[in-house]
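K.L.:
My questions concern the predicted model and sequence given below.
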Amino acid sequence: MKQPLMHSVMSVAYGVAASALALVQPAAAVAVYNIVPLGLAGPEHTRNDGYKFSRGVMAYITLNEAGQVRGYSQRFNGGSADLGWSVW
């Protein structure tokens, strides 16, 4: 009986290298994501240079049954003065 030959990149074959096309893996399904900005973004929550800061509360970062998440957004006075936080 003929002994199988080992090929470095190819699969084991009896004296014949496997086709390069046989090495191509089928493409995996690409995950589809919908990115939604979190937080409040109106003028009260936007600094005069366009900066906005909102964060989901880490303990509650998962969505509830209604598709909501808890968090907070920084407030400004129309300029750069910090007015604290709004919770959502």
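P.N.:
Received the coordinates, thanks.
K.L.:
just for this structure, where's the confidence low?
P.N.:
1-26, 58-61 (pLDDT under 70).
K.L.:
redo that, cut-off 50
P.N.:
Residue ranges of the chain with pLDDT under 50: 4-16.
K.L.:
Report the contact partners of residue 37.
P.N.:
residue 54 (CB atoms under 8 Å, 6 or more residues apart in numbering). Every C-beta, even on glycine, is put in place using the N, C-alpha and C of the backbone.
K.L.:
what helix or strand does it sit in?
P.N.:
Assigned by DSSP states H and E, residue 37 belongs to neither a helix nor a strand.
K.L.:
Give me the distance between it and residue 28.
P.N.:
28 Å (CB to CB, to the nearest Å).
K.L.:
One more: residue 79?
P.N.:
As judged by CB to CB, residue 79 and residue 28 stand 50 Å apart.
K.L.:
Equivalent analysis for residue 49, please.
P.N.:
For residue 49, the distance to residue 28 - CB to CB - is 42 Å.
K.L.:
Great, nothing more from me.
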